[in-house]
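Q: when you get a sec, could you give me coordinates for this:
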Amino acid sequence: MAALSRLATAIDDGALTLPEGDIAVFRPGAGVDLAPLPREAVHIVQGFAPDAAAWQGRGYAVEREPPAGANSALVCVPRSKDFAKALIAQAAALVPGGLIVVDGQKTDGVDSLMKAVRARLPVEGLSKAHGRLFWFRATESFADWAAESPAPTPAGHLTLPGVFSEGGVDAGSALLAELLPEALPGRVVDLGAGWGFLALAALSRAGVTTIDLVEAEARALECARLNVTDARARFHWADATCWAPEGPVDHVICNPPFHTGRAGTPELGLAFIDAAARMLGPKGSLWLVANRQLPYEAHLRARFRSGEELTGTARFKIFHASRPAR
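A: Residues are numbered from 1 along each chain as shown. Okay, the predicted model is just below:
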């Protein structure tokens with residue numbers, strides 16, 4: 001609700017006047033309240049599938065790419081500063097001379113982002129509710145902030161700023177990849193596939209007939225398509241906790257997220273376990289990595305008839321569970 005309090009305050013106080021016409025709203029989370037904006041003018045630009053679905057369910061126009069013809073833009077600041085800069089550059093190119101409003105939490109770096117903008121041109125704004133709202137007129141000053149193409153990590157995998165494990169292989173995923181069996185016969189699903197590392201590991205095992213990469217973040221899936229070029233791979237932009245395959249599968253591999261923004265939400269991992277149990281066949285297996293402190297054991301016992309913790313580390317634990325309970 002912080003976005004509502006800052007935006008509403010600025011509008012109600014007369015400090016901010018939005019021009020008439022369409023407003024492109026970049027990357028608003030599902031919890032952002034856009035009530036101060038005229039619904040018919042709002043076009044949500046969202047690449048995170050659960051948030052996109054939430055806004056569509058509320059009747060908003062939602063697109064992966066910004067629509068032509070917008071007169072102003074609202075940028076909701078993501079955690080990655082480079083990605084936030086790229087969104088501002090995208091908004092500036094979309095509404096040349098138009099108004100750009102930026103809203104974000106201080107914990108996500110909105111203050112440093114405002115300083116970077118202010119170094120280029122004048123800004124106005126306010127600070128409230130542990131965050132900041134600021135606005136300025138779009139110019140060509142931000143062309144150098146534009147998003148670049150996916151870049152290789154030291155190991156050669158292509159990633160983008162702001163995607164999970166953008167700088168290289170996540171240590172938990174690397175451990176799970178080491179402990180996968182030599183054969184994974186049949187259909188495999190990689191839930192929360194990211195930029196494709198675990199899918200690549202699975203495809204190196206014997207017997208894989210197909211692998212479905214299910215990823216909620218469109219930018220990560222874009223990288224996965226570049227990294228995983230095997231013809232057996234299929235790609236799905238979807239919420240992994242809701243996605244359903246065409247029929248029962250044989251194996252699910254996953255390194256589930258356990259944060260929403262900066263807030264820890266272990267329930268996400270539990271939802272991944274539920275999703276895996278639903279899609280696996282009667283003898284299917286789940287291979288999962290988790291941070292050591294996450295309480296998944298009881299839920300795994302409830303959803304699978306057999307399971308074990310494989311060799312792990314002080315930071316990570318690896319589970320193999322099979323035969324989902326119906």
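
Q: how far off centre is the longest strand seen in the chain?
A: Using DSSP state E, we find that the single longest strand of the chain is strand 280-291. Its chain's C-alpha centre and that of strand 280-291 lie 22 Å apart, by C-alpha atoms, centre = their mean, to the nearest Å.

Q: distance from the very next helix or strand once past that strand to the middle of the chain?
A: Past strand 280-291, further along toward the C-terminus, the next helix or strand under DSSP states H and E is helix 297-303. Relative to its chain's centre, helix 297-303 lies at 26 Å (C-alpha atoms, centre = their mean).

Q: do the same with stretch 58-71
A: Relative to the centre of its chain, stretch 58-71 is centred 19 Å away, using C-alpha atoms, centre = their mean.

Q: what's the span of that stretch from first residue to last?
A: The first residue of stretch 58-71 is 23 Å away from its last residue (C-alpha to C-alpha, to the nearest Å).

Q: if you average pLDDT over that stretch, what comes out?
A: Computed over stretch 58-71, the mean pLDDT rounds to 92.

Q: how about it: buried residues?
A: Across stretch 58-71, burial judged by 16 or more other C-beta atoms under 10 Å covers 60-62, 66, 70-71. Backbone N, C-alpha and C define where each C-beta goes, glycine included.

Q: related to what we said a few turns ago, return the list of strands paired to the longest strand of the chain, each annotated with direction.
A: The pairing partners recorded for strand 280-291 under DSSP bridges are strand 249-254 (parallel), strand 316-324 (antiparallel).

Q: dump the ones you listed to TSV, plus distance to Ala41.
A: Formatted as TSV, those follow (distance: least, C-beta to C-beta, whole Å):
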stretch	distance to Ala41
strand 249-254	39
strand 316-324	47
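
Q: just name the most buried of those.
A: Among the strands paired with strand 280-291, strand 249-254 has the highest mean neighbour count (mean count of other C-beta atoms under 10 Å), at a mean of 24.

Q: show me what it is in contact with.
A: 176, 180, 184-192, 198-199, 202, 212, 240, 272, 276, 279-281, 283-289 (C-beta atoms under 8 Å, 6 or more residues apart in numbering).

Q: can you give me the strands in the stretch 101-250 of the chain?
A: Here the stretch 101-250 of the chain has its strands, by DSSP state E, counting those that start in this stretch, at 124-128, 131-137, 151-152, 158-159, 183-191, 206-215, 233-237, 249-254.

Q: the first one - contacts with which helices or strands?
A: Packed against strand 124-128 by the contact rule (3 or more C-beta pairs under 8 Å, 6 or more residues apart in numbering; DSSP states H and E) you find helix 2-12, strand 131-137.

Q: quick one: which of these has the weakest pLDDT on average?
A: Within those, the stretch with the lowest mean pLDDT is helix 2-12, showing a mean of 78.
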